[in-house]
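Student: how would this look folded up:
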Amino acid sequence: MQNTTDVELSAIDSDKSVQIEIKYDDKLDEREPAYFQLAVLFTSCSGQRRLRIHNLSLPVTADYQKAFDFIQEMRDELTLRAAQILAAYREKCSEPAPMGQLILPEFAKLLPLHINCIVRHDSLNGGAELTVDDRAWMMSLVPSMTPLAIQQFLYPRIYIITSLCSSVGNSSGSTESLKNDSGCVSKMQGSTDFPTPIRASFDYFSPEEAYLIDNGLVAFIWVGSGVPSSWLNDVFNVNSIAQLDTEKHQLPFYDNDCSQALRHLWSHLNENRERALKLFIVKEQDALESWMKKFLVEDRYANNAHSYVDFLCLIHREIRSLIS
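Tutor: The predicted model follows:
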């Protein structure tokens, strides 16, 4: 543009984000909030000229610690908002039921799960092992993600990969029907049927299986202590879990059904991604296992992250308090 205040874009959709850095030379009063207004003038797909205005009111501080202390207030506010929504539904829409029963609307059954995933995430709830730089990177990363990427970032997909071998057909590269995580059929090169993802809880893990955990940024292959030696040999060319090299961050390729099936799945997960997944191989009871369990978001992690069941109880108490 011909001035320093406007930005011109050829096209933009709901999956795009714009980050803006504002420099203000005058002194700000910490007793008063700072106000921002952003106007977007655009032409819709139907040819209509529209104006969308965003207004922000933000507190002012010169103390960096206060900026991060506010994160706890954000977490509490998210929990309260979720409880208010569910309390309003129970009061106005649901059939009479005992107060000891948690009533969730059909369209928002997973609302508590997603809220818990948000409030326990590193961007809002990093522990002592998380540096300020890491948390700041997380906070800047999330707004630039698409809604689908954020969903997977908060609730990773977990696949049982030891059962992939039996689903491999020919290797001619023909397009076959594949099942995705919603039970629908998708298309992909090769003839491997993808397993249905399991819930993100260690309760669903078995020592006789191996699992792939994918949150869109990093991926883990967790190998149980009882995984068949034939599978280990086919995929990693080792005869026992003790011989597994966890320092490697790439999948080897071997000419057998198990290796090809896992490579198909790995290629599919990296398809149409802005960044390639970084892979970590974790053996059962390995040192990396405690970090991997952080991504099992239905389980309790450390002292400051509720399990899904604990969070449901917390939300239920908040709802009862609001109604009474």
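Student: low-confidence ranges in this protein?
Tutor: Applying pLDDT under 70 to the chain flags residues 1, 126-129, 166-193, 302-304.
Student: pop the domain breakdown of it in here.
Tutor: With automatic domain parsing as the criterion, the domains of the chain are listed as 64-144+305-323, 157-295.
Student: using JSON lines, lay out those together with distance to residue 4 and mean neighbour count.
Tutor: In short, each C-beta sits where N, CA and C put it, glycine included. Shown next, in JSON lines, are those (distance: least, CB to CB, whole Å; neighbours: other CB atoms under 10 Å):
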{"stretch": "domain 64-144+305-323", "distance to residue 4": "23", "mean neighbour count": "15"}
{"stretch": "domain 157-295", "distance to residue 4": "29", "mean neighbour count": "16"}
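Student: which of the ones you listed sits closest to residue 7?
Tutor: Residue 7 lies closest to domain 64-144+305-323 among the domains of the chain, at 15.9 Å (CB to CB).
Student: quick one: end-to-end length of the closest one, please.
Tutor: End-to-end distance for domain 64-144+305-323, by CA to CA, to the nearest Å: 38 Å.
Student: likewise for stretch 7-18?
Tutor: With CA to CA, one end of stretch 7-18 sits 10 Å from the other.
Student: now the strands for the stretch 1-150 of the chain?
Tutor: Here the stretch 1-150 of the chain has its strands, by DSSP state E, counting those that start in this stretch, at 34-43, 49-58.
Student: which of those sits most buried?
Tutor: Among those, ranked by average contacts under mean count of other CB atoms under 10 Å, first place goes to strand 34-43 (a mean of 11).
Student: what ranges do the helices span in the stretch 1-150 of the chain?
Tutor: 64-92, 111-119, 122-125, 132-141, 147-154 (DSSP state H, counting those that start in this stretch).
Student: let me have these in TSV, adding distance to residue 30 as columns.
Tutor: Below are the helices of the stretch 1-150 of the chain laid out as TSV (distance: least, CB to CB, whole Å):
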stretch	distance to residue 30
helix 64-92	9
helix 111-119	27
helix 122-125	24
helix 132-141	21
helix 147-154	32
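Student: of the ones you listed, which approaches residue 289 most closely?
Tutor: helix 122-125 (18.1 Å).
Student: ok, residues contacting that closest one?
Tutor: 71, 74-75, 118-119, 130, 134-135, 138-139, 141-142, 304-305 (CB atoms under 8 Å, 6 or more residues apart in numbering).
Student: one step back: and residue 40, which of the domains of the chain is closest to it?
Tutor: Residue 40 sits nearest to domain 64-144+305-323 of all the domains of the chain, at 15.9 Å, using CB to CB.
Student: dump the domains of the chain into TSV; add distance to residue 52 as well.
Tutor: Below are the domains of the chain laid out as TSV (distance: least, CB to CB, whole Å):
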stretch	distance to residue 52
domain 64-144+305-323	17
domain 157-295	25
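Student: now the closest residue to residue 67 other than its chain neighbours: how far from residue 9?
Tutor: Excluding the flanking residues, the one nearest residue 67 by CB to CB, 6 or more residues apart in numbering is residue 61, at 6.2 Å. Here the criterion is CB to CB, to the nearest Å. By it, residue 61 lies 32 Å from residue 9.
Student: also residue 27?
Tutor: Distance of residue 27 to residue 9, given as CB to CB: 33 Å.
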